[in-house]
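Colleague: predicted model and sequence below, questions to follow.
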Protein chains: 2
Amino acid sequence: MKEGPNIAYIAALIGDPARANMLTALMSGKALTVSELAHEAGVTLQTASAHLSKLQEAELLLPRKQGRHKYFSLNGPEVARVLEGLMGLAAGAGYLRKRTGPKDHKLRKARVCYNHLAGDMGTQMFDSLMEQGHLGLEQERLFLTESGAAFVEGFGIDLKSLQVKSSPLCLECLDWSERRSHLAGSLGRALMSQFEALSWAKRDAKTRVVTFTPIGTTRFEQMFRRL
Amino acid sequence: MKEGPNIAYIAALIGDPARANMLTALMSGKALTVSELAHEAGVTLQTASAHLSKLQEAELLLPRKQGRHKYFSLNGPEVARVLEGLMGLAAGAGYLRKRTGPKDHKLRKARVCYNHLAGDMGTQMFDSLMEQGHLGLEQERLFLTESGAAFVEGFGIDLKSLQVKSSPLCLECLDWSERRSHLAGSLGRALMSQFEALSWAKRDAKTRVVTFTPIGTTRFEQMFRRL
DNA sequence: GGTATACTTCGCTTATGGTCGAAGTATGAA
DNA sequence: TTCATACTTCGACCATAAGCGAAGTATACC
């Protein structure tokens, strides 16, 4: 029976390698120009322009003009979630694009997943918070405990401003490289921002790699030690 | 940068209309034969066979042989979740396949979303449970309250057996036709099963439509009234 | 064993859509 | 105003993969 939403159309848009590369690049949470996305996809400007027009038409991407520059970003966390889900399915089925180089190792170590920390360090943080009783599970639901609230506030996170927002505070996000959870939600985002604000970590301008400084690494390990 | 999971490959698999139709048919939670899926997709047996082989190879589908019959089902709730997410994106962007007929109305009224009730009645149930305080939100997290536990146990749901399972009890699932939440998780599944066991509702053999009997409708309305 | 049914595999056809060169439009800076 | 840069649109090319007919394999039944 052919009724309901046309998932083939949306999936086919994501199913083109050039478009998939652009969407993946935008998982960094940054807005990129047409030129930058063309470079990400390894196609010419004109090809990228046609692709982006389609993705915009399908409301997967949001455009913004700044003078002669046109920036695109993912059209919200719902798109990111579907992309991450596809990543999980692809990784689970073994469809990984091999890349023998330092970047692959770095991507697995720490990377940004839309707006929060993912990879080995992302899952370490999640596991540590669980082990220290700062995050709890109730009926398989993730929540911040009282000790957790004190912990993150002590780290400089303004919980009050986070909790007035409509988006969830703590969300489990399945990490495709670790096959375990890392922390998403507004708290995950806030923690990532704080790492950057404290200069513990910085994002790579071109990729989703997050690089922690030696000091940042030490502090991170101290703060999110494993039992 | 071309690293990480190959989402284009998985998305392209879903992006073919014949394969999308088969995956959508399997959202009913039922296992279907190659012949049935060929009919769903409107292609010949040989074409369907080739498509299903690809979906199986990608671990999106799970095969099971029974004599000369070969059944396929979705390879778990993770696949269903990605498909539902794609449905939400497609519906949100207006990519709906029009179908002026009784089935469209029925699909929106009540349908099965993998293993739980969706559509108008699915969201009504969710809203009612929230309004009556049987479901609660804590830090945007859904949980069953004490009154909710008593409520569903009074309806014949064995909560103890549900809670020993690893899958979440209460999950919000974004309903593509209503654009609001309906109840997923093991509780959502158990409630759907109970509606069937009590002969309040039955699933359509060919589609995802769930049809409530007049008595079932009355009981459902009484049980899940809106304030 | 013969027939019917369910499914798989092979080979060929062809429609589709991504790609880029060329040309045009829009914005910024000197 | 001119030149440089960013992006859009058009048209033609061609690689790819879905589709089906044909043939083969596997299972069920009489």
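Modeller: Received the coordinates, thanks.
Colleague: so A:His116 sits against A:Leu191, correct?
Modeller: Yes - the pair A:His116 / A:Leu191 is scored as a contact, 7.2 Å apart, by CB atoms under 8 Å. Any C-beta I mention is one placed from the backbone N, CA and C, and that applies to glycine too.
Colleague: mutual contacts of these two, please.
Modeller: A:Leu183 (CB atoms under 8 Å, 6 or more residues apart in numbering or on different chains).
Colleague: so what's the spatially most central residue of chain A up against?
Modeller: For chain A, the residue sitting closest to the mean C-alpha position, by CA atoms, centre = their mean, is A:Cys113 at 1.3 Å. When contacts are counted by CB under 8 Å, 6+ apart, A:Cys113 touches A:27, A:80, A:84, A:122, A:173, A:175, A:182, A:184, A:208.
Colleague: and chain B, which of those contact it?
Modeller: A:Arg208 (CB under 8 Å from any CB of the partner chain).
Colleague: now a PyMOL select for only the buried ones of the contacts of A:Cys113.
Modeller: Listed next is the PyMOL selection for buried residues among these, using 16 or more other CB atoms under 10 Å in any protein chain shown:
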select buried, chain A and resi 27+80+84+122+173+175+182+184+208
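Colleague: between the contacts of A:Cys113, which is nearest chain B?
Modeller: A:Arg208 (7.9 Å; CB to the nearest CB).
Colleague: would you mind listing what in chain A touches DNA strand D?
Modeller: Taking CB under 7 Å from any atom of the strand as the contact definition, chain A meets DNA strand D at A:33-35, A:45-46, A:49-50, A:52-53, A:68-71.
Colleague: and the gap between A:Leu174 and DNA strand D?
Modeller: Using CB to the nearest atom of the strand, to the nearest Å, A:Leu174 is found at 27 Å from DNA strand D.
Colleague: dump the residue contacts of the residue nearest to that residue when sequence neighbours are not counted.
Modeller: Excluding the flanking residues, the one nearest A:Leu174 by CB to CB, 6 or more residues apart in numbering or on different chains is A:Gly88, at 5.3 Å. A:Gly88 is in contact with A:174, A:176, B:5, B:78, B:82, counting by CB under 8 Å, 6+ apart.
Colleague: repeat that for A:Ala25.
Modeller: So A:Ala25 contacts A:32, A:36-37, A:40, A:208, B:1 (CB under 8 Å, 6+ apart).
Colleague: pLDDT weak spots in chain A?
Modeller: A:1-3, A:98-103, A:139-140, A:165-166, A:206 (pLDDT under 70).
Colleague: where exactly do the strands run in it?
Modeller: Secondary structure of chain A (DSSP state E): strands at A:4-5, A:32-33, A:61-66, A:69-74, A:96-97, A:111-113, A:116-118, A:135-138, A:141-144, A:171-174, A:181-184, A:201-203, A:210-212.
Colleague: quick one: list the elements packing against the second one.
Modeller: Counting by 3 or more CB pairs under 8 Å, 6 or more residues apart in numbering or on different chains; DSSP states H and E, the packing neighbours recorded for strand A:32-33 are strand A:69-74.
Colleague: can you pull the residues of chain A lying near DNA strand C?
Modeller: With the criterion set to CB under 7 Å from any atom of the strand, chain A comes near DNA strand C through A:12, A:16-18, A:41, A:43-44, A:46-47, A:50-51, A:54, A:67-68.
Colleague: how about 10 Å then?
Modeller: Contact residues, chain A versus DNA strand C (CB under 10 Å from any atom of the strand): A:8-9, A:12-13, A:15-19, A:21-22, A:38, A:41-51, A:54, A:65-70.
Colleague: in CSV, list the C-alpha atoms belonging to stretch A:63-81.
Modeller: This file holds the C-alpha atoms of stretch A:63-81, laid out as CSV (Å, rounded to 0.1, in the frame of the first residue of the first chain):
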residue,chain,number,x,y,z
PRO,A,63,20.0,28.8,4.2
ARG,A,64,21.2,32.2,5.4
LYS,A,65,22.7,34.9,3.3
GLN,A,66,25.4,37.2,4.5
GLY,A,67,26.3,39.5,1.7
ARG,A,68,27.6,37.4,-1.1
HIS,A,69,28.0,34.5,1.1
LYS,A,70,25.3,31.9,1.5
TYR,A,71,25.5,29.7,4.5
PHE,A,72,23.7,26.4,5.0
SER,A,73,23.1,24.6,8.3
LEU,A,74,21.1,21.5,9.2
ASN,A,75,17.5,22.4,9.7
GLY,A,76,17.3,21.4,13.3
PRO,A,77,18.1,18.5,15.6
GLU,A,78,15.5,16.3,14.1
VAL,A,79,17.6,16.1,10.9
ALA,A,80,20.7,15.4,12.9
ARG,A,81,19.0,12.6,14.8
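Colleague: circling back to that earlier point, would you point out the most distant pair within the contacts of A:Gly88?
Modeller: B:Pro5 and B:Glu78 (13.4 Å; CB to CB).
Colleague: so between these two, which is more surrounded?
Modeller: When B:Pro5 and B:Glu78 are compared on other CB atoms under 10 Å in any protein chain shown, the one with more neighbours turns out to be B:Pro5, at 25 against 15.
Colleague: isn't the more buried one up against A:Ala91?
Modeller: Yes - using CB under 8 Å, B:Pro5 is in contact with A:Ala91, at 4.4 Å.
Colleague: for chain B, see how far away the residue in chain A that DNA strand C sits nearest to is.
Modeller: Closest approach between chain A and DNA strand C, counting by CB to the nearest atom of the strand: A:Gly67, at 2.2 Å. For A:Gly67, the distance to chain B (CB to the nearest CB, to the nearest Å) stands at 27 Å.
Colleague: then A:Phe72?
Modeller: Taking CB to the nearest CB as the measure, A:Phe72 falls 16 Å from chain B.
Colleague: how close does the closest residue to that residue other than its chain neighbours get to A:Met130?
Modeller: The shortest distance from A:Phe72 to any non-neighbouring residue, by CB to CB, 6+ apart, is to A:Leu61 (4.7 Å). The gap separating A:Leu61 from A:Met130 is 35 Å, by CB to CB, to the nearest Å.
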